[in-house]
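Peer 1: Okay, here's the prediction I keep looking at, along with the sequence it came from:
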Amino acid sequence: MITVALVDAAATELLGAAIAGLVRASDVILLEGDLGAGKTTLVRGLVGGLGGPDRVTSPTFTLRHEYQTLPPVTHVDCWRLTDPSELDDLGLDEVVEAGGAVVIEWGEFAAFRFADRALRVSLADADGGLRRVARIDLTAPAWARRDGELAAALVGVGLDAETSSPAESTT
């Protein structure tokens, strides 16, 4: 588990850019956090870090946005979904099979399908709402091997991070 202090929206975008350096074909990223926690801001940094457009918006009402990056990114919002079978209509398995990366806001809704292969990022308020904190779970096998890379990328963009073992993070 890596914990990152995020002092503002710019720091949240930097976190996304740091993660972008690690994204590979067929990756899945699950974003969790309350409304306004910074999920779309993180995606803006990620898409920008992959060479995509500056204009990244929440897919809350369209459910799915696609960005022509390398690898291509499909950005999904599960907030309005009510039944897990609705994930099938979004074609996410096909995106992954075709080598695209998938980023899912309200990722806890899709965890039953992707948790064993996904990077999980939880965004939450800290210090009474004065800042945010990101908790990054790299326990999925595909991501566990990238923990050192992510730690270096965070330093590279100027973010302070703490690393803890899974056992430490549950206490």
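Peer 2: Cool, got the structure.
Peer 1: Glu105 against Thr40, yeah?
Peer 2: Yes - here Glu105 reaches Thr40: they are 6.9 Å apart, a contact under C-beta atoms under 8 Å. Yep, even glycine has a C-beta here, placed from its N, CA and C like the rest.
Peer 1: which strand in this structure runs the most residues?
Peer 2: strand 118-126 (DSSP state E).
Peer 1: May I have that strand exported as PDB, CA atoms only?
Peer 2: Extracted as PDB, the C-alpha positions of strand 118-126 are listed here (Å, rounded to 0.1, in the frame of the first residue of the first chain):
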ATOM      1  CA  ALA A 118      -6.600  -4.000 -11.000                       C
ATOM      2  CA  LEU A 119      -4.700  -1.200  -9.400                       C
ATOM      3  CA  ARG A 120      -7.000   0.300  -6.700                       C
ATOM      4  CA  VAL A 121      -6.800   4.000  -5.800                       C
ATOM      5  CA  SER A 122      -8.900   5.300  -3.000                       C
ATOM      6  CA  LEU A 123      -9.200   9.100  -2.600                       C
ATOM      7  CA  ALA A 124     -10.500  10.500   0.700                       C
ATOM      8  CA  ASP A 125     -10.500  13.800   2.600                       C
ATOM      9  CA  ALA A 126      -8.000  14.300   5.300                       C
END
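Peer 1: Quick check: buried residues in that strand?
Peer 2: Ala118, Leu119, Arg120, Val121, Ser122, Leu123 (16 or more other C-beta atoms under 10 Å).
Peer 1: Tell me which strands it pairs with, and in which orientation.
Peer 2: Strand 118-126 sits in its sheet next to strand 28-32 (parallel), strand 131-137 (antiparallel), going by DSSP bridges.
Peer 1: Give me the mean pLDDT for that strand.
Peer 2: The average pLDDT for strand 118-126 rounds to 94.
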